[in-house]
Each structure stands twice: as C-alpha cells, then as structure tokens.
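> pasting the sequence and the predicted model now:
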There are 2 protein chains.
Amino acid sequence: MIRVGILGFGGLGRAGAQVLASKAEMQLVAIADRGSFAYNPQGLDYSNFEPIPSENSIQQLLSYDIEGFFLALPNLPNNFMAEVAEQFIRSGWRGVLVDALKRTSAMTQILALQDRLAAAGITYMTGCGATPGLLTAAAAIAAQSFAEVHQVEITFGVGIANWTAYRATVREDIAHMPGYDVESAKAMTDAEVEALLDRTNGILTLENMEHADDLMLERLGICDRSRVKVGGVVDTRNPKKPLSTTMKLTGRTFEGKISSHCFTLGDETSMAANVCGTAFGYLKAGKQMHDRGLYGVFTAAEVMPKFVR
Amino acid sequence: MIRVGILGFGGLGRAGAQVLASKAEMQLVAIADRGSFAYNPQGLDYSNFEPIPSENSIQQLLSYDIEGFFLALPNLPNNFMAEVAEQFIRSGWRGVLVDALKRTSAMTQILALQDRLAAAGITYMTGCGATPGLLTAAAAIAAQSFAEVHQVEITFGVGIANWTAYRATVREDIAHMPGYDVESAKAMTDAEVEALLDRTNGILTLENMEHADDLMLERLGICDRSRVKVGGVVDTRNPKKPLSTTMKLTGRTFEGKISSHCFTLGDETSMAANVCGTAFGYLKAGKQMHDRGLYGVFTAAEVMPKFVR
C-alpha cells in the first residue's frame, strides 16, 4: 500500500482523490491546498475531511510519512511547479513526485532540477497526465515501427459540464489562445472568463499549443520538437467530448513506406480518468524506481506506467 | 554504438539485419543460423557475408564482444527459445537478449529462468515483437484510464507476398489452427504447407490464439489472462494486409463509464517493421537497464522501448 498525498484540491485534485478511493494498492493520506491541509495516516475520506488552516500547507505535510505526491496544481504562474519541486528538495523529503503539467517551458524548468532532485533522493515523474502523458507514451510506442518519424499530431476533445469545476485548467487553456498568455489568463476574473465563454458558446478551440509532448519526444530522439503538433477543442458546457482524442504518428518504415499509427481514446473516458489514472500509474512506476535507488527526473515517454489495482 | 548479433537468419532475422543497416546507434556484428555463423567486429554487411560452417554456431559467437542479441529464431519446438537462453546462461556471457516469441507456454519457460538469468548478469527482454510486443505495450498504456479492464482484443492482419520467405513463422501460425499443434506444424513438409494454403486460397484465419499477451497483462495486474483475445488473418499471397491490425482495450472508468481505447497500426507498416523495430527498441532499453545492473527477465509490457536512431 503506497501512502499518497495530493497537492491541489481543485477539479483535478478532487478527481484524483476519487480515483484513489477505489484502489487497493494506494491510500490517500494527505491533501493540501493553498491555505489548508488535511492528514490522516489511516486514510482520508476525500468526501468528508476537516481541512486545517495553514500558511504553509505543503511544508506541513513534509514531516509526515507520505511516499508519493500527485501535484494536481495549476501551473500558473509558469514556474509554480518548479517552485514546489524546490520546496520538496529543500525540505529533505524523499519519495516520488508526479506532475501532469502541460507547457514545454514549465517542463524545461523541471528538467533543469535533474541534478538537485537526484541528489535529494526524489524520483520526479513529469508530464504524466493525458497529454502530455498517456498520449506521449503511446507516441513513443508507435514510433517503434518507423525508421524516421515525420509528424506527431495530438488532437484532444474535452467536455466538461461546467467550467467552474475546472477553474485553473480552463484558465490554462485560455492562456493558449491568441491574444492571451499565462499571466493575462491567470489574472482573469471569473466574470471575465464567463464573458469570453459566452462569446464562444462555451467552446475553446486551441491550435499549435505549447505542449511538452514536443520536448519529451525530442529528448528521446524520436523527432524534432517542431514535428509535434498539439491542439484540441474544449466544450465547457457539455460533458460530451466535442471530438475524439487521438494521437497520430506518421513516419517512414525501413522499407520506405510512409504510414501512420493511431491511438484513439474512448469518447466515454473523461479528462479526469485519462489524467488521474495515468498520473497514479506513473506514481506506482516511480515508487518501484525509487525503491531501486533511481532518482532524478523522468518523463512519461521514457517510463512504462504500472497498472494500479 | 551497441554491437548487436542476430540469431536466426530466416525472414525475421534478415529483416532485422536490414533494419539495423540504417541505424547510427546499433551495429550488426554477428549472425548465426543453424550450422553457420558470421562475425565482423567492424560491422557485417547483411547482404554480402561469408558464413562459416559450425556445428555449434551460437556457442561460437559467445566469446566475441557482442552486447546484445536479437533472438530471431523460430520457436519450434516450443522450448527452443528457453534452451537457447540456457545456453547463454551456461556460457558466462553477459548482455542483453531480446525475443519476439508468441506463445504463452514458451514465455512461461522464459519467465521460469528469471533467477538464473539475473544471477548470470543477463537482461532478457521477452515478447518484444508486434504481438506480443508493440500492441501489448500499447494495452498497458491504454489500461491507465480504467479502474477495471474487461477485455483486450488484438486483431492482426499480415500480408506477405510469398510464404516461403517466412517458412518458420507460417508454420508457427498453422500450429494455432484447429487440428494442428506445434509438433505437427513443425513436421509439415513445404509441399504439405503449400497444399494447405491452396485449400485456403493462401489465407490463414486464426482465432483465440495462445499468445503471451495474456500472460504479460495478467502479470501486471491489468486483467485476468482469460480476458485477452488474440486473432488475425494472414494472407500468404499478397503483401497487402487483409485487415488493419488493432488493439482494443475495454474497461470501466472510476466514474463508472464503459469505454474502449483503440490503437491501430498503419496498413503500410509490414510485420517486419512492426516486429524488428520494436525488438531493437527493447534491445536499447535493455542495454540501458543492463548498464545500471538490472538483470533478469522483463516483458515488453513493463518496460518502455527506446527509439533507436
């Protein structure tokens, strides 16, 4: 039984807690959000716990016996995840950290912590959501058939009934749209987000997104980052996906044939299922690596996630 | 540059040699087949080499400086791969072995060698072809979205212009057909295979095959082996695939939704591209593990293959 903490208790953190509730191999023992935390070594009931106010909620948890954390934090500002990682490094805590960050620039900051994370005895799994994550790992598998990879196209469809359940994620999405950046999206009030969504009928269409899938595949020598394209459509007013989520990898085989492998996610699988399931699969893989003394940063495309029962 | 040997020089071994010819990170230095071998530390030209007759061709290679072998051997009889592995163990050779075997019973024998392979300093990657292999790894990724996996269906289409280029593989396929087994298929003369193919218009239809994908996914706790179904259609007279090769994984998400993820291979990718590319991807992964002192048996579903440039 792996004792797990979740940092961040917005839409993603809550979904993560719900996913853990049915797992025999993992137990949720801690939750921290801005300004409060909760800890129970016997297991936390995610639907009913008493948060304890704290000015440094993450720091509070680091003295407890927690083997791994899912960093279900918004990555706004763009250096927030790296700052949290630094907090873990400074604390002397040892264990597994898993993030589901999206932006290439945010992952670059995590990768720069490689030596310090390794020295601290931390196994840090980065980019372990759906994209990057599940779909990037599928691309690394798909690449095997090809002598040369020409293009990786990731197209996602996300449907959520109500944007307010995913306030941070929706702002991260808006930050990818023309005329916005991470700072301006983070600064938007709820009313401003509402007004934008009213203008688009609740639909966010995202093209050529800055997504770390590009960096992850380039690091592995699969293709240059310019050959990786990520885009998608988010419907913030309908839980049904506006289109199927796919990863299509095109390349040339050793026999000179051009072809594409395609990985398609079932339309009934939610963002929460695809992100959180994957994150805990990498947490389990990271725990096995940590137990063998493998520390430092690893991306979702270079490690096989393990199935968590 | 990883110095690689290929054992077996039938259709698969030849394709493997051709795949290696374009790789900067691997060099083919040795080939062995029943009764002969070739070795050149500067690199072997697979299209033009002088085989040296030898009664114990594998043993000959074990004194040379070869870091990994692709075991492109027919697995007929069913214990042949395990016997070859034992030969490596007894020899004192240390390095990486990769097989692309298919049958559950053959992999069971390889897994039973875990302790002896580990003690010998050998990193053995098993089931690293297309299925099991590429598609099993894709199933392990796809499983991440689900709380419970109900079914994994692998359906393959293979088209080859002429069965005589893959005599051993075609016999292994026939062994899966009703009324045949491994022994009787291996004992068939070429004329008998021809006669069978004449009756079926060159088509072999295979259902509920004994394929190690089941064992590999069960070992990882993804699902019971009875929930894994493998079947396919082989056209031995047409290089065009009779149907697309797919892996479909169906399960229940933590939210109670039933859905299926699907991984589809491009029709233009040949069996040779999908098997050999994958095998060398696992050889590279195995080499990195071997360098870190990780020995023993690993299946394709538990390790991420690395892209070989």
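On my side now, so go ahead. Residues are numbered from 1 along each chain as shown, chains lettered A, B, ... in the order given.

> need the contact list for A:Asn78.
A:103, A:105-106, A:109, A:182 (Cβ atoms under 8 Å, 6 or more residues apart in numbering or on different chains). Yep, even glycine has a C-beta here, placed from its N, CA and C like the rest.

> again, but for A:Tyr64
A:29-30, A:39, A:41.

> same check on A:Gly121?
When contacts are counted by Cβ under 8 Å, 6+ apart, A:Gly121 touches A:94, A:290, A:295.

> ok, 7 Å please
When the contact criterion is Cβ atoms under 7 Å, 6 or more residues apart in numbering or on different chains, the partners of A:Gly121 are A:94, A:295.

> rounded mean pLDDT for stretch A:78-89, please.
Across stretch A:78-89, the average pLDDT comes to 94.

> report the distance from it to the chain centre.
On the basis of Cα atoms, centre = their mean, to the nearest Å, stretch A:78-89 sits 15 Å off its chain's mean C-alpha point.

> again with stretch A:39-55
That offset, for stretch A:39-55, works out to 23 Å (Cα atoms, centre = their mean).

> do stretch A:288-298 as well
19 Å.

> tell me the SS of A:Val297?
strand (DSSP: H, G, I helix; E, B strand; the rest coil).

> gap between it and B:Ala82?
Applying Cβ to Cβ, to the nearest Å, the value for A:Val297 to B:Ala82 is 38 Å.

> compare these two (neighbour count), which wins?
Between A:Val297 and B:Ala82, counting by other Cβ atoms under 10 Å in any protein chain shown, A:Val297 is the more crowded of the two (23 against 20).

> quick one: contacts for the more buried one?
A:110-111, A:113-114, A:117, A:124, A:126.

> among the residues you listed, which are in reach of chain B?
Among those, proximity to chain B is found for none (Cβ under 7 Å from any Cβ of the partner chain).

> tell me which of the residues you listed fall in helices.
Within these, residues falling in helices by DSSP state H are A:110-111, A:114, A:117.

> of all pairs in those, which one is the farthest apart?
Farthest-apart pair in the ones in helices among the contacts of A:Val297 is A:Leu111 and A:Leu117; separation 9.8 Å (Cβ to Cβ).

> on that earlier part again, closest to B:Asp235 among the contacts of A:Asn78?
In terms of Cβ to Cβ, no member of those lies closer to B:Asp235 than A:Arg103, at 46.4 Å.

> next, the closest one: phi, psi?
Per-residue torsions, A:Arg103: phi -80, psi 140 (degrees, to the nearest 10).

> give me the neighbour count for the nearest residue to it once chain neighbours are set aside.
Nearest in space to A:Arg103, with sequence neighbours left out and distances taken as Cβ to Cβ, 6 or more residues apart in numbering or on different chains, is A:Glu210 at 5.3 Å. Residues lying near A:Glu210 (other Cβ under 10 Å) number 16.

> just A:Asp65 next, same as before
10.

> tell me which parts of the stretch 51-200 of chain A are close to chain B?
So the stretch 51-200 of chain A meets chain B at A:134, A:137-138, A:140-141, A:143-147 (Cβ under 7 Å from any Cβ).

> I figured A:Arg171 hits A:Ala185, correct?
Yes - using Cβ atoms under 7 Å, A:Arg171 is in contact with A:Ala185, at 4.7 Å.

> OK, contacts around the residue of chain A positioned farthest from its centre?
Taking Cα atoms, centre = their mean, the residue of chain A most remote from its mean C-alpha position is A:Glu255, at 36.6 Å. Residues counted as contacts of A:Glu255 (Cβ under 7 Å, 6+ apart) are B:270, B:273.

> which SS class is it?
Counting by three-state DSSP, the backbone at A:Glu255 sits in coil.

> okay, helices next: where are they in the stretch 151-300 of chain A?
A:167-174, A:182-187, A:190-199, A:213-219, A:271-291 (DSSP state H, counting those that start in this stretch).

> most packed of those helices?
Most buried of the helices of the stretch 151-300 of chain A, by mean neighbour count (mean count of other Cβ atoms under 10 Å in any protein chain shown): helix A:271-291, with a mean of 25.

> figure out how far that helix is from the centre of its chain.
For helix A:271-291, the separation from the chain centroid amounts to 10 Å (computed by Cα atoms, centre = their mean).

> would you mind naming what in the stretch 201-309 of chain A lies close to chain B?
Contact residues (Cβ under 7 Å from any Cβ) of the stretch 201-309 of chain A with chain B: A:220-222, A:253-255, A:257-270, A:273-274, A:277-278, A:281, A:302-307, A:309.

> from the residues you listed, list just the buried residues.
For those, a burial check counting by 16 or more other Cβ atoms under 10 Å in any protein chain shown picks out A:220-222, A:253-254, A:257, A:259-270, A:273-274, A:277-278, A:281, A:302-307.

> the contacts of A:Tyr64: which two are farthest apart?
Maximum pairwise distance among the contacts of A:Tyr64 (Cβ to Cβ): 9.0 Å, between A:Ala30 and A:Pro41.

> of the two, who's got more company?
Set A:Ala30 next to A:Pro41 and count neighbours by other Cβ under 10 Å: A:Ala30 wins out with 25 against 12.

> now do the more buried one against A:Ser57, distance only.
From A:Ala30 to A:Ser57 the distance is 10 Å (Cβ to Cβ).

> A:Val228 too?
Here the criterion is Cβ to Cβ. By it, A:Val228 lies 36 Å from A:Ser57.

> who's more crowded, these two?
Ranked by neighbour count (other Cβ under 10 Å), A:Val228 and A:Ser57 place A:Val228 first, with 26 against 20.

> what pLDDT does the closest residue in space to the more buried one that isn't next to it in sequence get?
Using Cβ to Cβ, 6+ apart and skipping the chain neighbours, the partner closest in space to A:Val228 is A:Asp214 (3.9 Å). The score at A:Asp214 is 98. That number is its pLDDT.

> next one: A:Gly11
Looking at A:Gly11, its pLDDT is 89.

> report the contact partners of it.
Shown in contact with A:Gly11 (Cβ under 7 Å, 6+ apart): A:165-166, A:169.

> isn't the residue nearest to A:Val228 up against A:Lys229?
No - A:Asp214 is beyond contact range of A:Lys229, at 8.5 Å (criterion: Cβ under 7 Å).

> what distance do you get for A:Thr205 to A:Tyr180?
Note on A:Thr205: its distance to A:Tyr180, by Cβ to Cβ, is 13 Å.

> show me what the closest residue to A:Gln151 other than its chain neighbours is bridged to.
Among residues not flanking A:Gln151 along the chain, A:Thr250 sits closest, at 4.7 Å (Cβ to Cβ, 6+ apart). When bridges are called by DSSP bridges, A:Thr250 pairs up with A:Gln151, A:Ser260.

> thinking again about what came up before, from the contacts of A:Gly11, pick the one nearest B:Lys23.
Minimum distance to B:Lys23 across the contacts of A:Gly11 is 40.9 Å, recorded for A:Thr169 (Cβ to Cβ).

> the residue nearest to A:Gln151 contacts A:Ser260, correct?
Yes - using Cβ under 7 Å, A:Thr250 is in contact with A:Ser260, at 4.3 Å.
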